[in-house]
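# Sequence first, then the predicted structure:
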Amino acid sequence: MIEGLRLYADSASLRPVASTSAINIPWLRSMPAHWKVVRAKGLFSARTERARDDDEQLSATQAYGVIPQKEFERRVGRRVVQITQHLDKRAHVEPDDFVISMRSFQGGLERAWSRGCIRSSYVVLKPSSQARVGYFSHLFKSQGYIRALQATSNFIRDGQDLNLRNFSLVDLPLPPCNEQDDIAKVLDYFNRKIDGFIRAKRKLIGLLNEQKQAIIHRAVTRGLDPNVPLRPSGIPWLGDIPQHWEMRRAKYLFREVDERSKTGNEELLSVSHITGISPRSQKNVTMFKAESNIGYKICLIDDLAINTMWAWMAALGVSKYDGIISPAYAVYRRKLTGVLVSEYTDMLLRTSCYKANYLVRSTGIRASRLRLYPEQFFRIPILLPPIHEQQGIAVFAQKETANLNTAIVRTEREIALMQEYRTRLTADVVTGKFDVRSAAASLPAEAGEPAPILDADGDDSDMDEDADA
């Protein structure tokens, strides 16, 4: 946490502004007396040019901004769909434009880093000479601005995307140009430091999880007796298993259930590849909520719930709660009693070898849209140690990984605190709570694209390009 303390010390050198004036804009309240408030349309205009023949396809992402699809594929390590039709309808984008995308109501506007084209349903904004792109790239990602943007429409009720009208309804602060540059310089500096801190902590979490999964994998696939005789399982991806263990297809152990909520008042559960099944109320979820949960699927204690589209990432778990889940997910209930221990089943089905098998059995046109349907799940072989061994394996794995879990939780908390620090610092600086001019003068000049902001654990896959109608 030493680096975090240094960051706090650095930010302590920022000075409050000497003179402020109250303004009648709810998300600003006040700002430096020498700043202006301007209409958004006075600083940005819509770029209406259609795609040029030599434009490459771009992806609008919350993590990286607007970048070429090929670069997005390189950064995330997977391919996305390449659009080949209706390219002439796509919108032309220039570097330093801003794009209002389908996710802008959640995470603000995206800055364009490359020339190219993007889906025509997105709004492309061209900055005027008064708007310094570096400053507005931070302002458009600040929580106050995002909330102001959200307040321009009821997205849950209307189901609509943001458009130019929404953008135009939010007035903007306008510092002098040199001060805009100073703000961008200071925030870029802090973001690089914060991102380095978060990257190191996430690497640590990855190593801790590897240790944890190695302990669990050994226990749930080989048992606790290192001297037990083994036999070939007949399944290449399972290898050898204890001689006295059984193995049955999932169809003999589970049945699919599709019971629906009539009121939508039950506990809403989340199904995640990171945390398994947990109450949504315990998670910091940025996605908008449905207007009603009527018709959501009932999930009871000891039911197995699978996020059908993300099964290949092990987004599944055996529930410890009664509640409801998305109607797009699958719920499986045991056919037999006294055959499976919930904790053992949960750990087994989330191991790397089972994840790899889900991937093979899932169908779809791209990785982010693969689905594990019930008929394929029912073909999966399930390892069945004697019930007392399952209980012993569960107790052993929980005990052996307890310290690792504690370290992971502590490290995740450190990341969360640093993200909260970033959010607060950005909000205070872009709205003029601090005078950064002296601090900017003392910083080294660092050119180039700022590092992606590492705040979100979610995947940008739903930002991939879709064909225009």
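Received it, and whenever you're ready, just let me know what you need. Remember, it's a predicted structure, so these values are computed and weren't measured experimentally.
# low-confidence ranges in the protein?
Low-confidence segments of the chain (pLDDT under 70): 1-13, 78-87, 154-160, 283-290, 365-368, 446-469.
# Please parse it into its domains.
The record, using automatic domain parsing to delimit domains, assigns the chain the ranges 1-35+176-223+387-461, 36-174, 228-282+292-384.
# Reformat these as a markdown table; add mean neighbour count.
No exception for glycine: its C-beta is placed from N, CA and C like everyone else's. Formatted as a markdown table, these follow (neighbours: other C-beta atoms under 10 Å):
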| stretch | mean neighbour count |
| --- | --- |
| domain 1-35+176-223+387-461 | 16 |
| domain 36-174 | 18 |
| domain 228-282+292-384 | 17 |
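# Find me whatever residue is spatially closest to residue 336, sequence neighbours aside.
Among residues not flanking residue 336 along the chain, residue 253 sits closest, at 6.6 Å (C-beta to C-beta, 6 or more residues apart in numbering).
# Output the strand or helix carrying residue 105 as CSV, nothing but the C-alphas.
Under the criterion of DSSP states H and E, residue 105 resides in helix 104-107. Taking C-alpha atoms only, helix 104-107 is exported to CSV below (Å, rounded to 0.1, in the frame of the first residue of the first chain):
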residue,chain,number,x,y,z
SER,A,104,-22.4,6.3,-22.4
PHE,A,105,-25.3,6.5,-19.9
GLN,A,106,-23.3,4.2,-17.7
GLY,A,107,-19.7,5.4,-18.2
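# now it, how far from the centre of its chain.
With C-alpha atoms, centre = their mean, to the nearest Å as the basis, helix 104-107 stands 13 Å off its chain's centre.
# picking that back up, looking at it, the residue nearest to residue 336 is touching residue 334, isn't it?
Yes: counting by C-beta atoms under 8 Å, residue 253 does reach residue 334; the two are 6.5 Å apart.
# Now the residue lying farthest from the centre of the chain, what are its backbone angles?
Going by C-alpha atoms, centre = their mean, the residue of the chain most distant from its centre is residue 229, 43.9 Å out. Main-chain torsions, residue 229, degrees, to the nearest 10: phi -60, psi 140.
# thinking it is in contact with residue 241, fair?
No: counting by C-beta under 8 Å, residue 229 sits too far from residue 241 to count as a contact (10.4 Å).
# Give me the common contacts of the two.
Common contacts of residue 229 and residue 241, defined by C-beta atoms under 8 Å, 6 or more residues apart in numbering, are absent altogether.
# circling back: list residues touching both of residue 253 and residue 334?
residue 340.
# At which residues are the helices of the stretch 51-200 of the chain located?
For the stretch 51-200 of the chain, applying DSSP state H, counting those that start in this stretch gives helices covering 69-76, 104-107, 133-139, 143-150, 155-158, 164-168, 177-222.
# which residues are contacting stretch 141-156?
26-28, 104-109, 139, 160, 162, 165-167, 169-170, 288-291, 423, 426-427, 430-431, 453.
# Only C-alpha atoms, please: export that stretch in PDB.
The C-alpha trace of stretch 141-156 is given here as PDB (Å, rounded to 0.1, in the frame of the first residue of the first chain):
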ATOM      1  CA  LYS A 141     -16.000  10.300 -17.500                       C
ATOM      2  CA  SER A 142     -16.600  12.100 -14.100                       C
ATOM      3  CA  GLN A 143     -19.500  10.800 -12.000                       C
ATOM      4  CA  GLY A 144     -21.200  14.200 -11.700                       C
ATOM      5  CA  TYR A 145     -21.400  14.600 -15.500                       C
ATOM      6  CA  ILE A 146     -22.500  11.000 -16.000                       C
ATOM      7  CA  ARG A 147     -25.300  11.500 -13.500                       C
ATOM      8  CA  ALA A 148     -26.400  14.700 -15.200                       C
ATOM      9  CA  LEU A 149     -26.400  12.800 -18.600                       C
ATOM     10  CA  GLN A 150     -28.500  10.000 -17.100                       C
ATOM     11  CA  ALA A 151     -31.000  12.600 -15.700                       C
ATOM     12  CA  THR A 152     -31.900  13.700 -19.300                       C
ATOM     13  CA  SER A 153     -33.900  10.600 -20.000                       C
ATOM     14  CA  ASN A 154     -35.600   7.600 -18.400                       C
ATOM     15  CA  PHE A 155     -33.700   4.800 -20.000                       C
ATOM     16  CA  ILE A 156     -35.400   2.000 -18.100                       C
END
